[in-house]
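Novice: sequence? don't have it. structure:
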């Protein structure tokens, strides 16, 4: 029931938005937000597959980052390992810290379609984004998608990851883009600090 009107929610995302309205916590906001995002990804996969490689790459980056931001408040040990007590603070959507995690604007140009190849955009990624993606999120990506699929009640989300590699409109055979063989010392330290116990 919403505003005195009865009826069943038309989707899982709507049900979660109603839960957020009844209990407006950071975790409930992420559940509603990410169920909407994942629903859109799943419903429009055919459109995504028609995009060029850089756009498809960034669709995967955006998805992994929103799922990770949710895990900061919903599963902080998964997101940060022994640094878990920082999760709720870093992931609180009301504090603006998530903008750091979700920002792609320093990498993406202002016009569309994107004109360079994926490797060029990876090379241009800001240092914090690169550390976040390659040292913190990707080592736990399979578990992150599994947890998210369960928390959002979206089992089809598991079709978008394979052996810890994002595969939303992205060929598994090109999984090399999800690995950084030349991680900096800072990135390696971040990976160790956030590793699960």
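Specialist: Alright, I've got the coordinates. What you are looking at is a predicted structure, and each value in this text was computed from that prediction instead of being measured.
Novice: Number of residues surrounding residue 115?
Specialist: Using other C-beta atoms under 10 Å, residue 115 is surrounded by 10 other residues. Every C-beta, even on glycine, is put in place using the N, C-alpha and C of the backbone.
Novice: Likewise for the one 10 residues further on?
Specialist: The burial count assigned to residue 125 is 18, neighbours taken as other C-beta under 10 Å.
Novice: what about residue 31, how many neighbours?
Specialist: 25.
Novice: Check the secondary structure at residue 168 for me.
Specialist: Under DSSP: H, G, I helix; E, B strand; the rest coil, residue 168 falls in the coil class.
Novice: show me what contacts residue 170?
Specialist: Neighbour list for residue 170: 56, 57, 60 [criterion: C-beta atoms under 8 Å, 6 or more residues apart in numbering].
Novice: ok, now how distant is it from residue 17?
Specialist: Look at residue 170 and residue 17: by C-beta to C-beta, to the nearest Å, they are 29 Å apart.
Novice: Tell me which entries of the contacts of residue 170 lie within strands.
Specialist: In strands, defined here by DSSP state E, there are no members of these.
Novice: Where does residue 39 sit, in terms of helix or strand?
Specialist: Taking DSSP states H and E as the criterion, residue 39 maps to helix 26-43.
Novice: Beyond that helix, next helix or strand please.
Specialist: The helix or strand immediately downstream of helix 26-43 is helix 45-49, counting by DSSP H and E.
Novice: quick check, distance from stretch 167-184 to the centre of its chain.
Specialist: Between the centre of stretch 167-184 and the centre of its chain there are 15 Å (C-alpha atoms, centre = their mean, to the nearest Å).
Novice: For residue 34, which non-adjacent residue is spatially closest?
Specialist: In space, residue 34 comes closest to residue 70 once its chain neighbours are excluded; the distance is 5.2 Å by C-beta to C-beta, 6 or more residues apart in numbering.
Novice: following the strand or helix carrying that neighbour, which helix or strand comes up?
Specialist: Secondary structure assigned from DSSP H and E places residue 70 in helix 53-74. Next helix or strand after helix 53-74 toward the C-terminus (DSSP H and E): helix 76-80.
Novice: counting contacts, what elements does that following helix pack onto?
Specialist: If you count contacts as 3 or more C-beta pairs under 8 Å, 6 or more residues apart in numbering; DSSP states H and E, helix 76-80 packs onto helix 53-74, helix 87-91, helix 141-151.
Novice: among these, which is the most enclosed?
Specialist: helix 53-74 (a mean of 22; mean count of other C-beta atoms under 10 Å).
Novice: which secondary structure elements does that one contact?
Specialist: Applying 3+ C-beta pairs under 8 Å, 6+ apart, we find helix 53-74 packed against helix 26-43, helix 45-49, helix 76-80, helix 87-91, helix 98-102, helix 118-124, helix 141-151, strand 165-166.
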